[in-house]
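Participant: Starting from these lines, generate the structure:
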Amino acid sequence: MRASTQTAGIICIVLFLLVQYQKVDHVFLSNTISSQTPSKSGNSSSNSPPPPSARQPRLGDGCYHVFLDVGSNIGLHARFLYEPHHYPDSKSSVRAFEEQFGPNRDNRDYCIFAFEPNPTFRKRHLELAEAYDKIGWRYHPILAGAATVDGNMTFYHSFMVDTINRDKELGFSAVTPKTLYGKESKWVTVPTIRLASWIIREIRDRKIPDVTHSGTKIKPKVVMKMDIEGIEYRVFPDLLLTGALCDTIDFLMGEFHYGPGDHNKFPMNLTSDGKHSLKHRKEGQALAKEMFRMVEITENCKTVISLEDDESYGTDPIDFPTLQSASTLGRNDTTDQK
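Facilitator: From the prediction side, this is the model:
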């Protein structure tokens, strides 16, 4: 009886979260209202259908495949995709990219969007984007946190900073600092983006090229890695409810934080008003499993989930590619230069 009561409670939390984040993107709502609501004006011209609005460009336009690195840290997963030969000790991501996209790849067929709120890594992301741009590989750093609203959020620097390499920091998080890093934790306010709306607006309805540079016949795919230090318990229900996950994401890999090492992230608020929370990691684990089950039993949901978290390389041992170094690589890692 106790087990069934606990399961029922977890399901209620899942359903509450889905309702809590039921917000329709204002762009799509306004378009729907303007196209379906007849005018009440007496002018005969108002009875004519309005001219079609011009399509707004999407960031994903022209991208055959898309990789969303949500919680990208220093951007290693981008390098796992574009330069896998440099990272033979990757635990799972290099293999996952090959399984999803195939072994014979041309990097011009891909766009990578890397979400990272930690200002410590801003310079590195911009430099990586510049290096890739020079050889025709598309890498777009989005220097903001993934969330359920567009706005701002307080994040806390962790104690997991390499004293030698200051560019290495794990665990930059928006969970309560008292439970995670102590009262003395340094904090910073960073911009946030509602991830579900962003995916729908910029990726789902992108213009996809008719042919690939690689010549392969694999269908267009969107792969996402998510490692956002506890905020996934808020973001994931929003992705589910809006359809951003099931309609757009073919493969999701990453981490849900409920392992033994995550005990200090709890209690964790599920809603911004603090009325609903997870008391300990076991509740987090139960909630995560129920949400994964909802993905599995949703008949038209195409998303496959893998909880393999690849943190094989704490730091990046490889220099950024140059036009000269890229030209010596195989088809899998280079482009025909401009």
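
Participant: From now on I want contacts and neighbour counts done on CA atoms only, so please keep to that.
Facilitator: Will do.

Participant: Please report how far residue 306 lies from residue 253.
Facilitator: Using Cα to Cα, to the nearest Å, residue 306 is found at 5 Å from residue 253.

Participant: out of the two, which sits in the more crowded spot?
Facilitator: Residue environment comparison for residue 306 versus residue 253 gives the larger neighbour count to residue 253, 21 against 13, counting by other Cα atoms under 10 Å.

Participant: ok, residues contacting the one helix or strand that one maps to?
Facilitator: Residue 253 belongs to strand 251-254 when assigned by DSSP states H and E. Applying Cα atoms under 8 Å, 6 or more residues apart in numbering, the external contacts of strand 251-254 come out as 100, 222-227, 303-310.

Participant: between these, which has the most around it?
Facilitator: Compared across those, residue 225 has the highest neighbour count, 25 neighbours, by other Cα under 10 Å.

Participant: Just checking: what are the partner strands of the strand holding residue 253?
Facilitator: Within its sheet, and counting by DSSP bridges, strand 251-254 is paired with strand 222-226 (parallel), strand 304-306 (parallel).

Participant: Tell me the buried residues in it?
Facilitator: Along strand 251-254, these residues count as buried under the neighbour rule (16 or more other Cα atoms under 10 Å): 251-254.

Participant: Take the residues you listed and write them to CSV, including distance to residue 85 and pLDDT.
Facilitator: Below are the buried residues of strand 251-254 laid out as CSV (distance: Cα to Cα, whole Å; pLDDT from 0 to 100):
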residue, distance to residue 85, pLDDT
251, 22, 98
252, 23, 98
253, 21, 96
254, 21, 93
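
Participant: would you turn those into CSV with distance to residue 233?
Facilitator: Listed next are those as CSV, based on distance: Cα to Cα, whole Å:
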residue, distance to residue 233
251, 18
252, 15
253, 15
254, 13
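
Participant: between these, which is nearest residue 119?
Facilitator: Here the nearest of those to residue 119, counting by Cα to Cα, is residue 254; it sits at 21.7 Å.

Participant: The closest one pairs with what?
Facilitator: Here residue 254 shows beta-bridge partners residue 226, assigned using DSSP bridges.

Participant: With residue 189 as the reference, measure out to it.
Facilitator: Taking Cα to Cα, one finds residue 254 at 25 Å from residue 189.

Participant: So for the helix or strand hosting residue 123, what gets flagged as buried?
Facilitator: When secondary structure is defined by DSSP H and E, residue 123 falls within helix 122-134. With burial defined by 16+ other Cα under 10 Å, the residues of helix 122-134 counted as buried are 122, 124-126, 128-132.

Participant: What is the subsequent helix or strand relative to that helix?
Facilitator: According to DSSP H and E, the helix or strand after helix 122-134 is strand 138-142.

Participant: What is that next one packed up against?
Facilitator: Helices and strands in packing contact with strand 138-142 are listed as strand 110-115, helix 122-134; criterion 3 or more Cα pairs under 8 Å, 6 or more residues apart in numbering; DSSP states H and E.

Participant: Touching the helix or strand following that strand from outside, list them.
Facilitator: Going down the chain from strand 138-142, the next helix or strand is strand 145-147, by DSSP H and E. For strand 145-147, contacts defined as Cα under 8 Å, 6+ apart pick out 70-71, 115-117, 190-195, 228, 231, 234-235.

Participant: chain center to strand 145-147, what's the gap?
Facilitator: Remark: strand 145-147 is offset 9 Å from the chain centroid, using Cα atoms, centre = their mean, to the nearest Å.

Participant: ditto for stretch 312-321
Facilitator: The gap between where stretch 312-321 is centred and where its chain is centred comes out at 21 Å by Cα atoms, centre = their mean.

Participant: Please enumerate residues in contact with it?
Facilitator: Applying Cα under 8 Å, 6+ apart, the set of residues contacting stretch 312-321 from outside is 76, 86, 89-91, 128, 131-132, 168.

Participant: Ends of that stretch, what's the gap?
Facilitator: Taking Cα to Cα, the span from the opening residue of stretch 312-321 to its closing residue is 20 Å.

Participant: which two from the contacts of stretch 312-321 end up farthest apart in space?
Facilitator: Spanning the widest gap among the contacts of stretch 312-321 are 91 and 131, at 25.4 Å by Cα to Cα.

Participant: one step back: tell me the mean pLDDT for the helix holding residue 123?
Facilitator: Taken as a whole, helix 122-134 carries a mean pLDDT of 97.

Participant: Could you list which residues are in contact with residue 225?
Facilitator: 67-71, 252-254.
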